[in-house]
Every structure is written in structure tokens, then in C-alpha cells.
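*Asks:* sequence? don't have it. structure:
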Ligand SMILES: NC(=O)c1ccc[n+]([C@@H]2O[C@H](COP(=O)([O-])OP(=O)(O)OC[C@H]3O[C@@H](n4cnc5c(N)ncnc54)[C@H](OP(=O)(O)O)[C@@H]3O)[C@@H](O)[C@H]2O)c1
């Protein structure tokens, strides 16, 4: 056991592994690379490694435009980081079902299909929010594997994502990466941390999560290897909302406060339910056996240490406590 742990500690981190990898130079055509949160980060990461990364211009639902762009760029790899994700959040998809299907189902499958006929590898930046804890997969118990059937259909967004994943399995050239609750080292509005720091009350449930600092290099390494199939794409383990917010208060804002409520109370104020689950990362860790993917509790602490440094460099430390600035009263049971 101790020998295995020390062998694991000797492995490079994803960033270290990426720095020495002789990455395929591309071209990489990145849908969502112009304006998307994750897509822009992938374009930057690939360019920093000397690769040719092009942000796609065509809209997924316009098949002939997508086809023309693919035939013009002639990519070695296509990354699909595009899709409707809803503004301000996925509740939007509940009221815009046709638009959600047009882009996230028809558009995504059309892109994948066009690449199949041309032998182009596609990575679909997908979601692991297609499961919820059940009797067999309890909090602290075994995680959902890539072979478990989706059991969470509480939101239209997740329902369609689960359907697309099932269809993608019929294609042999697709790498499906199941992100969950992505976390970045800044206070971007898409960052899961930013979202939960704005609420006065949050649930406190352990979840699998994806720290982008560690996992986007993992994505680049997997694409470079030409891997295909479905992968749970989170750091190993699970972390709770309270653990995250405690780190935030310790490293970023000592005045920060929040209160908890139950999952039932949370669902009562949302249009669509939110998924809570732990994913099994054995398949991912086996595929990247020469890299040490930091466990989520360790990875999250790293996020806040870097976030504090980044905010100081920007002259924005400590950040505004959004709840205070919006005049939201502190509940009597706030932490
Ligand atoms: N962030 C999360 O919490 C999370 C969690 C799990 C999985 N994911 C998945 O990861 C992917 C990227 O997420 P993100 O957070 O980066 O999303 P995002 O910031 O909302 O970016 C979405 C991107 O998709 C583009 N897009 C929307 N409709 C399009 C269309 N019809 N044709 C072409 N491009 C279109 C947007 O371009 P415009 O600005 O021009 O519309 C934007 O560049 C999504 O598929 C999402 O489902 C995200």
C-alpha cells in the first residue's frame, strides 16, 4: 500500500506531463473556442503548446456551414466545447426545449457524423450530470461507472446530454469526456465556485468535480493519444459544498458567510433539479496510468491558493462578497 502510494507520488502532474509531451500539432478545430468558457481555455492551452488551434465560426445547427468549415480547415482533431448551457443557468433549457435539442442534440450529432465520414477524431465535452445518488450508489459508497445507465432526468439539459452520450457510443471515433461542476482558478461566472458563493443558502452534498487547471491538460493528453469512448472526467473522489466554501473563506475572503438548506428545499426554488453524484474514475486513471491526477480535495485547495494569488495580481483581493453587495441578509444560522 505504502509502496503504491510512493510510486503514485513520483508520477508527473497533468501539467508536468503536458509540458514534456510531444503533442500532435493539429490542426485542432475547436467549437465553442471563440466565446465559450472551456473552449477558449482549450484554444489557449493548445496554442501555448505550439499547436495550431482554430476557434470554429460555424453554428452547430447549420450542417452545410459546419461541413464547409471542416473541409476548409481539414482538422486532425475536432473538439466540441459548444452547446447551449442556459443563461443564467440550465433552468433556461426547461423553457427552450426546441432550441436545446437543435443545438445540443441535432447539432452535436451532425458534427460528430460529419467527422465520422471523414475519419476525424472528435472530443465531445460532455457532462457527468446524468446521474443522481441511488440505493446502489450512495454518498460515500461506490461511484457511477461509464457503463451505468443514466438515472437522472430531472433537468431537460441533462436528459438531452444523456441521450447524446448514448448515441455517441455507436461511433468509434468519439472521445466523450464527462465534466462535472467545473472549477477554475478565477471568479469567472461559469466557475462552480463563483455560482455557489453568490447564494445565501447552499446544499452540502459531496460531489465529483473537475478542476480545469488539472483536467484540461489531461484532455489534451487524451486527445493526443487518440483515445475514444466514454470517460468520467473528474478528479478522483468527491468534495462537499461546505468543504469548498471553507477553503474559499480560508484562502480568499475571511468575511465570507453562507447557510445550508436541504436538497428538497433547494429543488423547491429551482425550475430544474440539479444532479448530485460521485463518479468512478478508475477507467480514466488506468488510461492515464503514467500521470498523477490530483484527488479532488487536494485539487480544490490548490485552486484557492492560486485564486488568491491571481486576485492579488489583479488588485482584486479580497473580492467583493456578492451576497453582501446585493444586500442579501445574513441568515441567523449562517456559517
Ligand atoms: N460549465 C459547466 O458547468 C459544464 C459542466 C459540465 C459540462 N459542460 C459542458 O462543456 C461544454 C462547454 O461548457 P462551457 O461552460 O464552456 O459553456 P459556455 O461558456 O456556455 O460556452 C458555450 C459555447 O457554445 C457556443 N454555442 C452555443 N450555441 C452554439 C451553436 N448553435 N453553434 C455553435 N456554437 C454554439 C457558444 O457560442 P456563442 O457565445 O456564440 O453562443 C459558446 O462559445 C458544454 O457542452 C457544456 O454542456 C459544462
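*Replies:* Now that the structure is in, tell me what you want to look at. Because the structure is a prediction, the values reported are computed rather than measured. Residues are numbered from 1 along each chain as shown.
*Asks:* Every contact and neighbour count from this point should use C-alpha atoms.
*Replies:* OK.
*Asks:* Which positions within stretch 166-180 qualify as buried?
*Replies:* 168, 173-180 (16 or more other C-alpha atoms under 10 Å).
*Asks:* contacting residues for the residue lying closest to residue 47 once chain neighbours are set aside?
*Replies:* Using C-alpha to C-alpha, 6 or more residues apart in numbering and skipping residues adjacent in sequence, the residue nearest residue 47 is residue 53, 6.1 Å away. Counting by C-alpha atoms under 8 Å, 6 or more residues apart in numbering, residue 53 touches 26-30, 43, 46-47.
*Asks:* just residue 56 next, same as before
*Replies:* 29-34, 69.
*Asks:* next one: residue 45
*Replies:* Contacts of residue 45 by C-alpha under 8 Å, 6+ apart are residue 217.
*Asks:* before we move on, what about residue 120?
*Replies:* Shown in contact with residue 120 (C-alpha under 8 Å, 6+ apart): 75-78, 173.
*Asks:* what about residue 268, neighbour count?
*Replies:* 11 (other C-alpha atoms under 10 Å).
*Asks:* packing partners for the lengthiest helix in the chain?
*Replies:* The residue-count maximum for a helix in the chain (DSSP state H) belongs to helix 296-314. Using 3 or more C-alpha pairs under 8 Å, 6 or more residues apart in numbering; DSSP states H and E, the elements in contact with helix 296-314 are helix 241-251.
*Asks:* what about stretch 246-266, how long is it end to end?
*Replies:* Taking C-alpha to C-alpha, to the nearest Å, stretch 246-266 runs 20 Å from one end to the other.
*Asks:* So for it, mean pLDDT?
*Replies:* Mean per-residue pLDDT for stretch 246-266: 93.
*Asks:* What strand or helix carries the residue nearest to residue 104 when sequence neighbours are not counted?
*Replies:* Spatial nearest neighbour of residue 104, chain neighbours left out: residue 83 (5.4 Å); criterion: C-alpha to C-alpha, 6+ apart. Using DSSP states H and E, residue 83 sits in no helix or strand.
*Asks:* For residue 83, grab the count of nearby residues.
*Replies:* 21.
*Asks:* give the contact list for it.
*Replies:* 32, 103-104, 108.
*Asks:* before we move on, back to that, now, which of the contacts of residue 56 lie close to the ligand?
*Replies:* 32-34 (C-alpha under 6 Å from any ligand atom).
*Asks:* For the residue nearest the centre of the chain, give the beta-bridge partners.
*Replies:* The chain has residue 179 as the residue nearest its centroid, 3.4 Å off, counting by C-alpha atoms, centre = their mean. Using DSSP bridges, the bridge partners assigned to residue 179 are residue 127.
*Asks:* Over to residue 239?
*Replies:* With DSSP bridges as the rule, residue 239 is bridged to residue 207.
*Asks:* quick one: which of the contacts of residue 83 is most hemmed in?
*Replies:* Busiest of the contacts of residue 83 [other C-alpha under 10 Å] is residue 32, holding 24 neighbours.
*Asks:* Just the closest residue of the stretch 101-250 of the chain to the ligand, please.
*Replies:* Closest approach of the stretch 101-250 of the chain to the ligand (C-alpha to the nearest ligand atom) occurs at residue 127, with a separation of 4.1 Å.
*Asks:* Can you name the residues that contact that residue?
*Replies:* Residues in contact with residue 127 (C-alpha under 8 Å, 6+ apart) are 158, 161, 177-180.
*Asks:* Can you name the two of these that sit furthest apart?
*Replies:* In terms of C-alpha to C-alpha, the contacts of residue 127 reach their longest pairwise distance at 158 and 177, which sit 14.4 Å apart.
*Asks:* Can you add secondary structure and give the contacts of residue 83 back as JSON lines?
*Replies:* Formatted as JSON lines, the contacts of residue 83 follow (DSSP: H, G, I helix; E, B strand; the rest coil):
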{"residue": "32", "secondary structure": "coil"}
{"residue": "103", "secondary structure": "helix"}
{"residue": "104", "secondary structure": "helix"}
{"residue": "108", "secondary structure": "helix"}
